[in-house]
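**Student:** Predicted model follows, preceded by the sequence.
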Amino acid sequence: MIAAFDDLRARDLVVLIQSNVFRIPGVRIRVELFRRSIKVIEHSNLDRMAEGEVEHYVAALAYDPAYYRGVGHALKRRMDAARSAKIESDGEILRFDSSLETQSSTLAISLD
């Protein structure tokens with residue numbers, strides 16, 4: 001299996017489609033691809049989906065460049081201009097009472 005990656009070059013793309021688990025004894029596929037600077041798209045645990053969910057999942061993969069690029073750039077402009085931010089989840093609120101860091105800044109998040 002690993003020999004299949006030998007012909008790939010940095011910045012090539014591998015799409016991993018997983019029904020259950022990606023396991024090859026002694027090999028961590030994603031780590032190996034990252035080490036080789038190969039891009040990875042992973043669709044994992046597909047066997048956990050109910051029959052009706054598969055069609056919705058596949059439809060959600062469709063990419064409309066004009067829409068997403070427009071929305072993405074507009075969102076970036078709003079975030080760059082924001083003086084604060086608020087994230088609401090399950091009745092909890094996380095506030096950032098300052099401007100957000102720009103794209104060139106380094107962001108580290110630690111989740112415990």
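**Tutor:** Sure thing, it's come through.
**Student:** Geometric centre of this protein: which residue is closest?
**Tutor:** Nearest to the geometric centre of the chain sits Ile41, at 8.1 Å (Cα atoms, centre = their mean).
**Student:** Within the helices and strands, which one has it?
**Tutor:** Per DSSP states H and E: Ile41 is located in strand 39-43.
**Student:** Specify the angle between the very next helix or strand once past that strand and strand 39-43 in degrees.
**Tutor:** Counting by DSSP H and E, the next helix or strand C-terminal to strand 39-43 is helix 51-60. Using axes from the mean of the first three to the mean of the last three Cα atoms, to 10 degrees, the inter-axis angle of helix 51-60 relative to strand 39-43 is 150 degrees.
**Student:** how far is helix 51-60 from where the chain is centred?
**Tutor:** How far helix 51-60 lies from its chain's middle: 18 Å, per Cα atoms, centre = their mean, to the nearest Å.
**Student:** So what touches that helix?
**Tutor:** Helix 51-60 is contacted by residues 46, 49 when judged by Cβ atoms under 8 Å, 6 or more residues apart in numbering. No exception for glycine: its C-beta is placed from N, CA and C like everyone else's.
**Student:** helix or strand right after that helix?
**Tutor:** helix 65-81.
**Student:** distance between that next one and the chain's centre?
**Tutor:** Helix 65-81 has its C-alpha centroid displaced from the chain centroid by 17 Å (Cα atoms, centre = their mean).
**Student:** I'd like the mean pLDDT over that helix, please.
**Tutor:** Helix 65-81 comes out with an average pLDDT of 89.
**Student:** swap in stretch 43-60?
**Tutor:** 85.
**Student:** how far is that stretch from where the chain is centred?
**Tutor:** Relative to the chain's own centre, stretch 43-60 is displaced by 17 Å; criterion: Cα atoms, centre = their mean.
**Student:** and that stretch, which residues are buried?
**Tutor:** Neighbour counts over stretch 43-60 (16 or more other Cβ atoms under 10 Å) mark no residue as buried.
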